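Asks: okay, predicted coordinates and the sequence, questions at the end:
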Amino acid sequence: MEGFVMEDYVFHRDFSKSYPIITHGSGVYLYDKDGKRYLDGCSGAVAANLGHGIEEIADAMAGQAKKSAFVHTLRFETEVLHSLSKKIASIAPEGLDRVYFTSGGSEANESAIKLARQIHRDRGKAEKHIVIGRWQSYHGNTFGSLSAGGDIKRRHVYTPNLLDFEHIYSPNCLRCPYQRSLDECSRNQNPSCVQSLERLILELGPENVSAFIAEPIVGSQLGAVLPPEEYFQRVRVICDRYDVLLIIDEVMTGFGRTGSHFAIDHYGAIPDIITFGKGVAAGYAPLAGMIVHEDIVEGLLKHSKGKFMHGYTYSGHPVSVAAGLAVLQIYERENLCEKARMAGSYLYEKLKELQGEVPIIYDIRGKGLLLGVEIAADAAGTPFPPEAAASERINELAMEHGAVFYPGSGTIDGMRGDHLIISPPLTINQEEIDELIHSLRRALHDFITEMMGVVLNEASK
C-alpha cells in the first residue's frame, strides 16, 4: 500500500484505516489520546450497555481474579457461575432455566446449533441436521454461525467453506422481499415471511431439519427492523408441528436493550434456546452463552447420559462471569429496562423530528434503545450507490463531530441500502441524547453537501 508506514505490530481489522487510540471512558463518553471526546452512540457494538468506567464492575472482576481467576468447567465450577446462572434464569422466559456460558456470540450460536443436532441424533432422529436461517441476518463469524447467518458480504469470501444450511427471507414490511404489504398479509392471515418457513421445511423434509435460528429484531444487517406482531407466535407453531427447535439469537437485543429483559418477550413466543452476549457483561469482559429449555436438558439426561459433547476452554470463565453478575445487579438496581423504554421513546421522538428536517432519512424503527435510521437518496427510498458507502461516510463525519454510531449496508438486498444503528448505553440521559442528535444532524448535513459536490463534479465533466 503506497505511502503506508507500519508503525506498530497490531493486525488491524482494516489496514487502510487509522484508528483513534482510546485512553479511557466515563459514562457515555470515550476519550482518545489527543483529548477528543466521543459520545458512544452505539455502545461500541451494542455491547457497552452501562457505559464506561464503572468501578463496581472492575472491582468485582478484580476480586474474583484474586480468589480464582480460572477453573476448567469440565472438572470444576465456581459459586459465581451458579449465582449468575440463577439470575439469568430468573429473567428468562418460562421454562428456559439452564445457562451455558461462552466467550462471545459466535460461540453461543455455534453451541446452540450443535446442541440442536445432538439432541435430535441422540433421541433417534439422526437425519435432522439442517439449520434454517434468514437472509440479511447475523449470527457470528465462526463457520457454523456464519453458515446459519445471512450476511451476504461476510459469507461471500468463505462460500466454499460454509455448511449446507438453508435460508428464508427476514421479514421487512417496509421493503418486503415478497412484494406484499403488511395490510394484505394481516387481512389474509398468511404472511409470506412465515409461509416460506413451512414451505422450506416441507421441501427439505421435516426429518432433515434440526433448527430455525432468528434474531427477534434484525440488528446489524437491517438496522433494527421489527417483525410483524404475530410472526414469532406463528413460527413457534410451525416449529412444534415439524419437531424443529427454535433458537432465538438475543446477542444484540438481550438484557434490557429493547426495554424488556429479552426482545422475544415483546412477541409472546417461548423459544427452545436463547443465545445471548454483548449486554450480559456490558462489554467489561468477553461473555456470552445460551439459555436452554428444561425439555432439552431432560432429553440430554434421558438420551445422552446427561453429557453435551461440546465445550470451550474459557466457558464459564470466573472473571468474566463475575463481571456479568455485577452488571446484572446494576440492571436490576437501576431498573434499566424501564429507563431504556423511556430514553428510547425520547430518542425516537428526536429522530422523527430530525427526519422532518433531513431529506435523506427514509425510515426510523426499532424498540427501546435499539433504533435504526435508514438512509436513502430520495423520499421514494432509492438507495445511494454501494460505492458511496453512505453509512460509513456518515459515521466518519459524525466522529469528527464527537459521536460514533453503528453503520450498516446492504439494507435492501444484502448489497444495496444503508442504515445506522443508534444504540447508546442504557444509562444515557435526555441532555446526552440531545447532544447525540446534534452530532448526527451535523454529520447528515455534511454528507448531503458532499454528495451535492459529487453530483456537480460529475455534471461538469
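Replies: Done, it's in. Residues are numbered from 1 along each chain as shown.
Asks: where does the prediction get shaky in this protein?
Replies: Along the chain, segments meeting pLDDT under 70 span 1-7, 454-461.
Asks: all helices of it, in order?
Replies: Applying DSSP state H to the chain gives helices spanning 43-46, 55-67, 79-91, 105-122, 143-148, 152-157, 182-188, 192-204, 231-241, 294-303, 318-334, 336-357, 390-400, 430-460.
Asks: adding mean neighbour count and distance to Ala380, write those helices out as a markdown table.
Replies: Where you see a C-beta, it was placed from the backbone N, CA and C, and this is true even at glycine. Rendered in a markdown table, the data for these read as follows (neighbours: other Cβ atoms under 10 Å; distance: least, Cβ to Cβ, whole Å):
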| stretch | mean neighbour count | distance to Ala380 |
| --- | --- | --- |
| helix 43-46 | 22 | 30 |
| helix 55-67 | 15 | 47 |
| helix 79-91 | 18 | 43 |
| helix 105-122 | 24 | 36 |
| helix 143-148 | 24 | 34 |
| helix 152-157 | 13 | 24 |
| helix 182-188 | 13 | 18 |
| helix 192-204 | 17 | 23 |
| helix 231-241 | 18 | 26 |
| helix 294-303 | 14 | 47 |
| helix 318-334 | 22 | 42 |
| helix 336-357 | 17 | 15 |
| helix 390-400 | 20 | 16 |
| helix 430-460 | 15 | 16 |
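Asks: quick one: the residue nearest to Ser423 when sequence neighbours are not counted from Arg154, how far?
Replies: Across the structure, with Cβ to Cβ, 6 or more residues apart in numbering as the measure, the residue nearest Ser423 apart from its sequence neighbours is Val46 (4.6 Å). In this view, Val46 and Arg154 are 17 Å apart by Cβ to Cβ, to the nearest Å.
Asks: and for Ile375?
Replies: Shown here: Ile375 relative to Arg154, a distance of 21 Å by Cβ to Cβ.
Asks: show me what counts as buried in stretch 367-386.
Replies: Burial within stretch 367-386, assessed by neighbour count using 16 or more other Cβ atoms under 10 Å, is assigned to 367-377, 381, 383-384.
Asks: now stretch 398-407
Replies: Those buried within stretch 398-407 under the rule 16+ other Cβ under 10 Å are Ala398, Met399, His401, Gly402, Ala403, Val404, Phe405, Tyr406, Pro407.
Asks: got a list of what the most centrally placed residue in the chain touches?
Replies: Nearest to the mean C-alpha position of the chain, by Cα atoms, centre = their mean, lies Met252 at 2.9 Å. Shown in contact with Met252 (Cβ atoms under 8 Å, 6 or more residues apart in numbering): Val46, Gly105, Glu215, Ile217, Gly219, Ser220, Gly277, Lys278, Leu370.
Asks: do the same with Ile264
Replies: With contacts taken as Cβ under 8 Å, 6+ apart, Ile264 has the following neighbours: Pro93, Pro216, Phe232, Ile248, Glu250, Pro271, Ile274.
Asks: and for Ser83?
Replies: Neighbours of Ser83 in contact, by Cβ under 8 Å, 6+ apart: Leu325.
Asks: quick check: Ala108 touching Leu287?
Replies: No. With contact defined as Cβ atoms under 8 Å, Ala108 does not reach Leu287; the gap is 9.7 Å.
Asks: overlap of the contact sets of those two?
Replies: Applying Cβ under 8 Å, 6+ apart, one finds that Ala108 and Leu287 are jointly contacted by Thr102, Gly277.
Asks: show me the protein divided up by domain.
Replies: 22-53+335-460, 55-334 (automatic domain parsing).
Asks: turn the ones you listed into TSV, columns for distance to Val10.
Replies: Conversion of the domains of the chain to TSV gives the following (distance: least, Cβ to Cβ, whole Å):
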stretch	distance to Val10
domain 22-53+335-460	14
domain 55-334	18
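Asks: how about the strands in the stretch 151-300 of the chain?
Replies: 166-169, 209-214, 245-249, 273-276, 288-293 (DSSP state E, counting those that start in this stretch).
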